Structure formats: C-alpha cells, structure tokens
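Novice: okay, structure incoming, though there's no sequence with it:
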C-alpha cells in the first residue's frame, strides 16, 4: 500500500470537485428546506467543498491504510454543518435526520468524542455522484471545531 496518487486519480478529484460545485446550491436548498420543514428551531447551516489538494492528501493517507481506496470513496466531498443551541437539540435534530433523510451511514462522535475532543454526529449520503457529510453539533462545538480545524488538518494531512 502506498501513498502515491496517479494522474487519473488527480483528474477524478478535479471532476468530483466540479460536480460538487454544480450540486452545492441544490444541496444547500435541500438542507435549508429540511430544517424549516422538520426542525423548526434556530439552527445554523454552513458548508464547504473539499478542495482538490485536500482530496489528494486524504487519498494519500487512505492509500497507506486501505487497499483499492479511490477518490469516489471519499465520504465528504461536500460537507455541511448544522449547529444548534444545546446537546438535547443535537439529539432531536439527529433523530430527525435519521428518520427523514435516511443517511447511508452514521458515525457517533457525539456520544463518543474523538481523542482531540471533537463531538458531533456525522451523517453520510450519496447524492447522484457526490458524497455528502452532515455534521450535527452545538454552536459551542462548532466554534471550537472552526478554531482547531486548520491545526488538525496540518497535523493529519500536512496541509492547511
């Protein structure tokens, strides 16, 4: 297993980025509508598209860990964050996501925070050709995550 990325994987990352850019507006409207229709409390919604450089760095790392990991396996090309006021709101919104949006996978870092202190429920979806992650957390955790994100990426992937 190596951490080497070939040209075809790089081109695939560029294509995935372009497809994500095309879908971002539709995804944003979809999740805003979900919050208005089902949650009906105050929640912030932020988003990002993983840059091609970060996709490549994550692929290099995954190539060292897994056999046959491809750019299409990256679970979070588009990432959304839904931040709410309290931990009980995280539980309530998470239950609604599970019931109404039916994610393909959930990772519970809310009940079991990471060693770094990250605390959120992560939900994964495949929308057409785009892999989407939603993180559900409190506003306080969102502030902490935003403040430590660059440092974490620098340590994990060697980039900012």
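Specialist: Yes, it's here. All of these numbers come straight from a predicted model, not from anything done at the bench.

Novice: so for the top helix by length along the chain, mean pLDDT?
Specialist: In the chain, taking DSSP state H as the definition, the longest helix is helix 7-34. Mean pLDDT, computed over helix 7-34, is 96.

Novice: buried residues in that helix?
Specialist: 9, 12, 13, 16, 17, 19, 20, 23, 24, 27, 31, 34 (16 or more other CB atoms under 10 Å). For the C-beta atoms, the positions are set from N, CA and C on the backbone; glycine is no exception.

Novice: and the nearest residue in space to the second one that is not next to it in sequence, how far from residue 23?
Specialist: The spatially closest residue to residue 12, leaving aside those adjacent along the chain, is residue 71, at 4.2 Å (CB to CB, 6 or more residues apart in numbering). According to CB to CB, to the nearest Å, residue 71 stands 16 Å off from residue 23.

Novice: repeat that for residue 69.
Specialist: From residue 69 to residue 23 the distance is 23 Å (CB to CB).

Novice: same question, residue 5
Specialist: 24 Å.

Novice: poorly predicted segments of the chain, please.
Specialist: 1-3, 149-160 (pLDDT under 70).

Novice: again, 80 this time
Specialist: Within the chain, the ranges that satisfy pLDDT under 80 run 1-4, 63, 66-67, 148-160.

Novice: where is the longest strand in it?
Specialist: Longest strand in the chain by number of residues (criterion: DSSP state E): strand 130-138.

Novice: check which residues of that one are buried.
Specialist: 130, 131, 132, 133, 134, 135, 136, 137, 138.

Novice: who are the packing partners of the helix or strand hosting residue 82?
Specialist: In the assignment (DSSP states H and E), residue 82 maps to strand 78-84. The contact analysis (3 or more CB pairs under 8 Å, 6 or more residues apart in numbering; DSSP states H and E) places strand 78-84 against helix 7-34, strand 44-49, helix 87-96, strand 130-138, helix 139-157.
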